[in-house]
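Novice: Sequence and predicted model, in that order:
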Amino acid sequence: MDSPHGARWRTQLRGWRGSVFALLGVYALGATAFVLAGGGRPEMTSLVAMEAEVEGRSATGGSAADAGLSAVTAPTDCSSIDPATNSENTSLDDVHALGFATFDELPAAFAGYQGCPLIVNFFASWCVPCVAEMPDFQQFWVDHGSDVAVLGLAFQDPPEQALSTVADRGVTYPTGMDDRELFVDFGGLGMPTTVFVSPQGQILETHSGLLTLADIISRATEHYGL
């Protein structure tokens, strides 16, 4: 049988644990609301990018992206890439090894984006800021698509509704369905989420929150030297 002291200690410990968990819950809710509001330029670098940066530094201190530039030849026009014509290739590196689905539920892949900077935008018809920012991604693709590819992936959205949204917003860059929880794998925290991928397939930044055209250009310039 426990002593009175032991019983009191366990009661106090349970109380402390409850207080700690409650504080963590409040912190998580506040952080989520902050990210969804797009405040303070929230961003998250994936584990894939962190590992690549650490392991890929050259003897002169360069980054993995710098070290691998010569290994990948960029297509002459990144806007001409059709992911539906590429097959998933697990022998490739990072994002380029992955696949997704078209709105017709046919296989598509990131393999064709080797050598091209890529911006992946996760959207949904039920997400108001997602729908609001799509014309800006369209304008960016029109102005800079030959140098930086853009891909829209519908997340947790029926194909017919997602396709209708694409048409309504005048989107002509490649789009498809996230049928493999890529949103989670790429570090998404809320909708919309935009992921900036290097020509070598490394995730450079994951941003959750609305982006304007000026924001997209600024980040593309930062990551790709646009």
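Specialist: Thanks, I have the structure now. In this text the structure is predicted, and so the values were computed from the model without any measurement. Numbers count the residues shown, from 1 in each chain.
Novice: And for whatever helix or strand Asp215 lives in, what's in contact with it?
Specialist: Asp215 belongs to helix 213-224 when assigned by DSSP states H and E. With contacts defined as CB atoms under 8 Å, 6 or more residues apart in numbering, helix 213-224 is touched by 117, 119, 136-137, 139-140, 144, 147-148, 194, 196, 198, 204-205, 207, 211, 226. Placement of C-beta: from N, CA and C, glycine included.
Novice: Let's see which of those end up in helices.
Specialist: Among those, the members falling in helices (DSSP state H) are 136-137, 139-140, 144.
Novice: quick one: Ile119 and Val150 touch, right?
Specialist: Yes. Contact criterion CB atoms under 8 Å: Ile119 and Val150 qualify, at 5.0 Å.
Novice: so what's in contact with the two at the same time?
Specialist: Going by CB under 8 Å, 6+ apart, residues that sit against Ile119 and also against Val150 are 137, 140.
Novice: how many other residues sit next to Asp94?
Specialist: 18 (other CB atoms under 10 Å).
Novice: In stretch 146-164, which residues are buried?
Specialist: For stretch 146-164, burial by neighbour count (16 or more other CB atoms under 10 Å) applies to 147-155, 157, 159, 162-163.
Novice: Could you write out the alpha-carbon coordinates of it in PDB?
Specialist: Extracted as PDB, the C-alpha positions of stretch 146-164 are listed here (Å, rounded to 0.1, in the frame of the first residue of the first chain):
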ATOM      1  CA  SER A 146      10.300  29.000 -68.900                       C
ATOM      2  CA  ASP A 147      12.800  29.300 -66.100                       C
ATOM      3  CA  VAL A 148      10.800  28.100 -63.100                       C
ATOM      4  CA  ALA A 149       8.100  25.400 -63.400                       C
ATOM      5  CA  VAL A 150       4.900  25.600 -61.500                       C
ATOM      6  CA  LEU A 151       2.700  22.600 -60.400                       C
ATOM      7  CA  GLY A 152      -0.600  22.700 -58.600                       C
ATOM      8  CA  LEU A 153      -1.700  19.700 -56.600                       C
ATOM      9  CA  ALA A 154      -5.200  19.400 -55.100                       C
ATOM     10  CA  PHE A 155      -5.300  18.200 -51.500                       C
ATOM     11  CA  GLN A 156      -8.300  16.400 -50.000                       C
ATOM     12  CA  ASP A 157     -10.500  17.700 -52.800                       C
ATOM     13  CA  PRO A 158     -12.800  15.700 -55.100                       C
ATOM     14  CA  PRO A 159     -11.300  15.700 -58.600                       C
ATOM     15  CA  GLU A 160     -14.300  17.300 -60.300                       C
ATOM     16  CA  GLN A 161     -14.400  20.200 -57.800                       C
ATOM     17  CA  ALA A 162     -10.600  20.700 -58.000                       C
ATOM     18  CA  LEU A 163     -10.700  20.700 -61.800                       C
ATOM     19  CA  SER A 164     -13.600  23.100 -61.800                       C
END
